[in-house]
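Asks: need a structure here:
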Amino acid sequence: MKIKYPILFSFRRCPYAMRARLAIKLCDLKCEIREISLKSKHELFLKLSPKGTVPVLVLQDDSIIEESLEIIEWAISKQDPLNIMTKNPIAYEDDINLIKIFDNEFKFHLDRYKYSSRYGNTSPNEHKLKARDILVKLNYILENKKWLRGDKPSLSDISILPFIRQYRIANINWFDEKLDLPNIQRWVHNFINSNMFLDIMKKYKIWEKSDPKTFL
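Replies: Predicted structure coming up:
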């Protein structure tokens, strides 16, 4: 049975799913959303994507996109009314390089800071500080800016802010009061209080096959 609109399998708190939802929302695309329990994954979800991680986007031609950055690229290719993706190839390359740093190096330290019990003898404070070191450069970039590229959110903003939000959640008081990177703090608070973030963080019940369609 052909579907009329793309279907996004998501998990509300997952930063990868979060940035996929942000792109779909900012590109003003209609998309069905299916909230997945990561502790008890629906058999249809696992049949579509055996790797079992979110986000997963099912398109009308039955093709499946299983990586968040590829979902963002798909959304932008459909329409980009807010110019999320810069048309400057050098700036675009800078965005991609920045995202790679956060997807790899920052995420490495974030996991060992926030979930230190999963990593044996890991020192959470050491990884907290190493993650902070990565944020120092961004603090300079954000001087006198609302977003990384000016007045509107960009590809790099929506791709990395969900992970910095997790960094804040690991110790909110420390982040808000002792991080001592005021531009980062302002940027993150602007993000978590923005309409775009509040819209994509609405709570949905765990999806069941008998449920009516719910749209993002």
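Asks: which helices and strands sit right next to the lowest-mean-pLDDT helix or strand in the chain?
Replies: Least confident element among the helices and strands of the chain, by mean pLDDT, DSSP states H and E: helix 43-48 (a mean of 89). Contact here means 3 or more Cβ pairs under 8 Å, 6 or more residues apart in numbering; DSSP states H and E; on that basis helix 43-48 packs against strand 56-58. Placement of C-beta: from N, CA and C, glycine included.
Asks: Can you tell me the strand partners of the strand it packs on and which way each runs?
Replies: Applying DSSP bridges to the sheet, strand 56-58 is found paired with strand 7-10 (antiparallel), strand 64-65 (antiparallel).
Asks: Turn these into CSV, including mean neighbour count.
Replies: Listed next are the strands paired with strand 56-58 as CSV, based on neighbours: other Cβ atoms under 10 Å:
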stretch, mean neighbour count
strand 7-10, 24
strand 64-65, 17
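Asks: Dump the ones you listed to CSV, plus mean pLDDT and distance to residue 140.
Replies: Shown next, in CSV, are the strands paired with strand 56-58 (pLDDT from 0 to 100; distance: least, Cβ to Cβ, whole Å):
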stretch, mean pLDDT, distance to residue 140
strand 7-10, 96, 34
strand 64-65, 96, 34
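Asks: Of these, which is nearest residue 116?
Replies: Closest of the strands paired with strand 56-58 to residue 116 is strand 7-10, at 26.7 Å (criterion: Cβ to Cβ).
Asks: burial measure for residue 121, as a count.
Replies: Burial of residue 121 is recorded as 5 neighbouring residues (other Cβ atoms under 10 Å).
Asks: do the same with residue 195
Replies: Neighbourhood size, residue 195 [other Cβ under 10 Å]: 8.
Asks: Repeat that for residue 124.
Replies: Residue 124 has 17 nearby residues by other Cβ under 10 Å.
Asks: measure it to residue 15 for me?
Replies: 18 Å (Cβ to Cβ, to the nearest Å).
Asks: Same check on residue 98?
Replies: According to Cβ to Cβ, residue 98 and residue 15 sit 15 Å apart.
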